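J.: A structural model of the following input is requested.
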Amino acid sequence: MEPLAVEYQQRLVKELQQTLKRSNPLSLPRLSKIVVNVGVGKSDHRDQVVKNVADQLLVITGQKPKVTRAKQSISGFNLRQGDPVGVAVTLRGRCMYQFFEKLVRIVLPRVKDFQGVSPEAFDQSGTYTLGLSEQIVFPEIEYDKIDTVRGLEITIVTTARNPAEAKLLLTLFGIPFRREEATSG
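T.: Model prediction:
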């Protein structure tokens, strides 16, 4: 098992049980999956761009990415049905915990002028979405081999019942949330 998964089993389950006042450990929130997604804008060499992005995601996540395609044609964007529009990887189990640990302990501290992640990026089901403006914060990316700096989106899906439980879980896992400033009126 990964160190983060072991930490969840040994330490975080007890903390969550006390905080949420639940006796059944199976009712506690936990990580379900992580989806890493990179959109590919319009380009003359779209196939080469998709290949480059897929190679970078393979290096970052350790898992072969899936090319996402347009479901319908949109003439205003010069987009035809079936054209590649992005690349995505869904991580579960051991790979998910490895990626999450790398994200929290290595990648986020490397982000320039990092003040913490937004505490308001949760949806109603406890899913958290984090956007990074450049893929070069990952240590595996060789700066000389990238064609252009691209952003990526990381969606952390939990089994939490609401955003408050999901935030508690991610805080215990070590996600550094930005402190909200008190507004003076």
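J.: what does the least confident helix or strand in the chain by mean pLDDT contact?
T.: Ranked by mean pLDDT, DSSP states H and E, the weakest helix or strand in the chain is helix 3-7, scoring a mean of 79. With Cβ atoms under 8 Å, 6 or more residues apart in numbering as the contact definition, helix 3-7 has outside contacts at 94, 97, 100-101, 173. Any C-beta I mention is one placed from the backbone N, CA and C, and that applies to glycine too.
J.: put the alpha carbons of it into PDB.
T.: Provided in PDB are the C-alpha atoms of helix 3-7 (Å, rounded to 0.1, in the frame of the first residue of the first chain):
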ATOM      1  CA  PRO A   3       2.100   5.700   2.400                       C
ATOM      2  CA  LEU A   4      -0.900   8.000   1.900                       C
ATOM      3  CA  ALA A   5      -3.400   5.000   1.900                       C
ATOM      4  CA  VAL A   6      -1.700   3.600   5.000                       C
ATOM      5  CA  GLU A   7      -2.000   7.000   6.700                       C
END
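J.: could you point out which element follows that helix?
T.: helix 13-20 (DSSP states H and E).
J.: hey, where'd the helices end up in the chain?
T.: Taking DSSP state H to define them, one finds helices in the chain at 3-7, 13-20, 46-61, 93-102, 108-110, 163-173.
J.: out of the ones you listed, nearest to residue 135?
T.: Counting by Cβ to Cβ, residue 135 lies closest to helix 46-61 out of these; the figure is 5.9 Å.
J.: the inter-axis angle of the closest one versus helix 93-102?
T.: 90 degrees (axes from the mean of the first three to the mean of the last three Cα atoms, to 10 degrees).
J.: chain center to helix 46-61, what's the gap?
T.: Taking Cα atoms, centre = their mean, to the nearest Å, the mean C-alpha location of helix 46-61 is offset from the chain mean by 17 Å.
J.: the residue lying closest to residue 168 once chain neighbours are set aside and residue 167: what is the separation?
T.: Distances taken as Cβ to Cβ, 6 or more residues apart in numbering place residue 19 nearest to residue 168, at 6.4 Å, with adjacent residues excluded. Taking Cβ to Cβ, to the nearest Å as the measure, residue 19 and residue 167 are separated by 12 Å.
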